[in-house]
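Visitor: mind folding the following:
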Amino acid sequence: MNRRTFLSTTAGSISFLEAQANETKSFKGIINKAVKFGTKPNETQMRKLKELGFDGIEGSAPGLQVGEMKKACKKIGLPMHGVVYNKHWKVRLSDPDPKVREESRKGLAQAMKDSKGVGGSSVLLVPGRVKGEQETHKQVWNRSIEQIRKLIPLAEELQIHILIETVWNGFCYKPEQFRDYIDEIDSPWVQAYYDIGNMQKFAPSHEWIRILGKRTLKLDVKDWGSKNGFCPLGQGDVNWKEVRNQLEKTEFSGWATREGNDGGVEKTAKLMNELLAL
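Guide: Residues are numbered from 1 along each chain as shown. All right, here's what the predicted structure looks like:
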């Protein structure tokens, strides 16, 4: 073998090794792709999502048209995997008024029943908001846990998970705090709904995923950048390669739902496929 042949062969081998090192694990069939939906069925829109390769949708409750939505989902073959509890910001589990906390708990219970009725497996919950002296971090922690624990028997009966979302509510802005909050509730029916974009501002998103580990049952898919805020997927500061690496290490499987706008669902489908290796 002469020098030129050797160098050519060696370069080819290096390229092959580099390609192997850069190869991305496919999450197709492991991560299910979804988008946020509303309370009413829209068969035209649902068919379009199905054609674009979405695996399902996530609704909003209470107020969900359960019977009509279930029928449309079955007809089109696009399941509703869960719902967002749509009263959690205004009627909070952390409110200083015990009557409001009770109202919020009852609304959450109804959302759980709506999710079960439509064939879902979860309710997304924001547990409260740190707001002034009457809703401190400690009070949000204690008040929300008290109300959530009252619903654990219903969650077990319905087989519906209460999934706490990471949001900008002044609460648990460190991944270790959020982990400990979930652990203090101490129920397999109460876990994390991790939002990839929301918490990038406070710590790298892949670090949140690593620290939360198996507690994360579902994902909200967003991007966020220090210069452009919430933005189309792939245009923020989220390190998607590291996100994928951590999802693989934690053996994540389940639903990932896009919340936000990429300039059309066609673009969203393409970006989710690329960034999550679907």
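Visitor: Tyr85 bridge partners, please.
Guide: Taking DSSP bridges as the rule, Tyr85 bridges to Ala61.
Visitor: go ahead and confirm it touches Leu108.
Guide: Yes - look at Tyr85 against Leu108 with Cβ atoms under 8 Å: they come within range, at 5.4 Å. Just so you know, the C-beta spots here come from the backbone N, C-alpha and C atoms, and that holds for glycine as well.
Visitor: where do the contact lists of those two overlap?
Guide: Jointly contacting Tyr85 and Leu108 under the rule Cβ atoms under 8 Å, 6 or more residues apart in numbering are 123, 125.
Visitor: which ones are touching Ile211?
Guide: Counting by Cβ under 8 Å, 6+ apart, Ile211 touches 175-176, 179.
Visitor: below-threshold pLDDT in the chain: ranges please.
Guide: Residues of the chain that meet the criterion pLDDT under 70 lie in 1-24.
Visitor: quick one, helices of it?
Guide: For the chain, the helices defined by DSSP state H cover 3-22, 43-51, 66-76, 98-118, 137-150, 152-158, 175-185, 205-212, 240-249, 265-275.
Visitor: pipe the ones you listed into TSV and attach distance to Ile164 per row.
Guide: TSV is the format used below for the helices of the chain (distance: least, Cβ to Cβ, whole Å):
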stretch	distance to Ile164
helix 3-22	35
helix 43-51	26
helix 66-76	24
helix 98-118	12
helix 137-150	8
helix 152-158	13
helix 175-185	7
helix 205-212	11
helix 240-249	19
helix 265-275	23
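Visitor: deepest of these, which one?
Guide: Among those, helix 205-212 has the highest mean neighbour count (mean count of other Cβ atoms under 10 Å), at a mean of 22.
Visitor: angle of it against helix 175-185?
Guide: Relative orientation of helix 205-212 versus helix 175-185 (axes from the mean of the first three to the mean of the last three Cα atoms, to 10 degrees): 30 degrees.
Visitor: how far off centre is helix 205-212?
Guide: 13 Å (Cα atoms, centre = their mean, to the nearest Å).
Visitor: can you check stretch 194-204 too?
Guide: Mean-position distance between stretch 194-204 and its chain equals 11 Å (Cα atoms, centre = their mean).
Visitor: any idea how far apart the tips of it sit?
Guide: 13 Å (Cα to Cα, to the nearest Å).
Visitor: if you count neighbours, what's buried in that stretch?
Guide: Neighbour counts using 16 or more other Cβ atoms under 10 Å place 194-201, 204 of stretch 194-204 among the buried residues.
Visitor: which ones among those residues lie within strands?
Guide: The members of the buried residues of stretch 194-204 that map onto strands under DSSP state E are 194-195.
Visitor: ok, back up a step: for the helices of the chain, which one sits closest to Trp224?
Guide: Ranking the helices of the chain by proximity to Trp224 (Cβ to Cβ) places helix 205-212 first, at 8.6 Å.
Visitor: no further queries at this time; thank you.
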